[in-house]
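Visitor: Provided below are the primary sequence and the corresponding predicted coordinates.
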Amino acid sequence: MPRLENRPGRRSASRPPRPLVLVVCGADCTEPQYLRGLRDHVANRAVDLKILTKGRAPQQVVDYARKVRDNSERDFDKVWCVIDVDEFDIDVAEVAARAARIDLAVSNPCFELWLLLHHEDCRTHLPSYDSVCLRLRKYVPRYDKTELDFADYVSGVDVAVDPAKRLEPDGTSYGSNPSTNVWKLVELIRGTP
């Protein structure tokens, strides 16, 4: 019996390639561990995610993402940088990202705010990383920025999106504290509008 793809008039089924998204994180552990955990949990086969790290200032993260994109053999459909405000001047990175057509996922003061929102709707000014971690450890006592366990956050992903949107509804204003637009990247990874 002949194989189906050899029959005249029959085309073999082919899938269009999945959109490839490059995500460059400005930290070596917390952000990439969270994003890999989310990617593996949701298993959205409509998106192919490449996660890299460049533990540097936001401007350097954007420059690195641009270089990776421009020198890649495969075209990226989207490029994101995950950065913190902390003590950095985000304005320079924002201008560079806009010019390079790179999206920013910015947390003010830090990514741990996004993690905190999985457990608490926080709208109080948080002056530093330490102040965010103090609150986060109420819910995740063993929190360690070098070893994030996605299981501590998996049930709160849906919970975190709503307060994050209230803090950062348009996803482009990074000046207010607290604020995070990580929800936009999370929705892309999950395949939700």
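Guide: Looks like it arrived, so ask away.
Visitor: from here on, just use CA atoms for contacts and neighbour counts.
Guide: Noted.
Visitor: for the protein, give me the ranges with low pLDDT.
Guide: Applying pLDDT under 70 to the chain picks out residues 1-17, 171, 193.
Visitor: what about the strands in it?
Guide: Secondary structure of the chain (DSSP state E): strands at 20-25, 48-53, 78-84, 103-108, 179-180.
Visitor: out of those strands, nearest to residue 64?
Guide: Evaluated over those, closeness to residue 64 peaks at strand 20-25, with 8.0 Å, by C-alpha to C-alpha.
Visitor: now that closest one - C-alpha only, PDB.
Guide: What follows is strand 20-25, C-alpha atoms only, in PDB (Å, rounded to 0.1, in the frame of the first residue of the first chain):
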ATOM      1  CA  LEU A  20       9.800  32.600  18.200                       C
ATOM      2  CA  VAL A  21      10.100  35.000  21.100                       C
ATOM      3  CA  LEU A  22      13.400  36.100  22.600                       C
ATOM      4  CA  VAL A  23      13.400  37.100  26.300                       C
ATOM      5  CA  VAL A  24      16.500  38.500  27.800                       C
ATOM      6  CA  CYS A  25      16.400  38.900  31.600                       C
END
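Visitor: what residues sit buried inside stretch 180-193?
Guide: Going by neighbour count (16 or more other C-alpha atoms under 10 Å), the buried part of stretch 180-193 is 180-186, 189-190.
Visitor: which of those sits closest to residue 64?
Guide: Distances from residue 64 to the buried residues of stretch 180-193, taken by C-alpha to C-alpha, are shortest for residue 185, at 18.6 Å.
Visitor: residues touching the closest one, list them.
Guide: 80, 105 (C-alpha atoms under 8 Å, 6 or more residues apart in numbering).
Visitor: quick one on the thing from earlier: can you list the buried residues of stretch 180-193 in JSON lines and add distance to residue 129?
Guide: Shown next, in JSON lines, are the buried residues of stretch 180-193 (distance: C-alpha to C-alpha, whole Å):
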{"residue": "180", "distance to residue 129": "14"}
{"residue": "181", "distance to residue 129": "17"}
{"residue": "182", "distance to residue 129": "17"}
{"residue": "183", "distance to residue 129": "19"}
{"residue": "184", "distance to residue 129": "22"}
{"residue": "185", "distance to residue 129": "21"}
{"residue": "186", "distance to residue 129": "21"}
{"residue": "189", "distance to residue 129": "26"}
{"residue": "190", "distance to residue 129": "27"}
